[in-house]
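> Turn this into a structure:
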Amino acid sequence: MEIESVRCECCGLKEDCTQDYISDVKAKFDGKWLCGLCSEAVRDEVSRSKKQFGVEEAVKAHMSFCRNFKSNPAVRVADGLRQMLRRRSGDLSNSSSSSKKFTRSASTKLY
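A predicted model of the protein is given here:
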């Protein structure tokens, strides 16, 4: 089993995978290799889309989304994961100012 380094065509994240795995992923995503997080985002888009996206359209939409970020792949992965978790939890607010702030209660002892 030979391991090959491959780069996600959406976010640019590099992973080491077997050739069989790479081929399986490409077969599912219109010939493009996607990392685990991007592939989950595309599957989520296909399943949740009101426009009835096919896989090809969802891959293109996600690639466009990834191109909008100018930071490094790790930051994009973290942002993508945060967005996916918000969608799944029902919290669709995008601004950080609307996120819940957690503080200690008055009864919590610090020591």
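
> pretty sure Ser23 belongs to a helix, no?
Yes - residue state for Ser23 (DSSP: H, G, I helix; E, B strand; the rest coil) corresponds to a helix.

> Count the residues that sit near it.
For Ser23, the count of nearby residues is 12 (other CB atoms under 10 Å). For every residue, glycine as well, the C-beta is placed using N, CA and C.

> What of Arg87?
The number of residues packed near Arg87 is 14, by other CB under 10 Å.

> Show me what the helix or strand of the chain with the lowest mean pLDDT is packed up against.
In the chain, the helix or strand scored least confidently by mean pLDDT, DSSP states H and E is helix 73-89, which has a mean of 79. Here helix 73-89 touches helix 36-48, going by 3 or more CB pairs under 8 Å, 6 or more residues apart in numbering; DSSP states H and E.

> Please identify the buried residues of the helix it packs on?
Buried residues in helix 36-48, counted by 16 or more other CB atoms under 10 Å: Leu37, Cys38, Ser39, Ala41, Val42, Asp44, Glu45, Val46.

> now the following helix or strand past it against helix 36-48, angle please.
Secondary structure here is assigned by DSSP states H and E; on that basis, the next helix or strand after helix 36-48 toward the C-terminus is helix 55-67. Here helix 55-67 points in a direction 130 degrees away from that of helix 36-48 (axes from the mean of the first three to the mean of the last three CA atoms, to 10 degrees).
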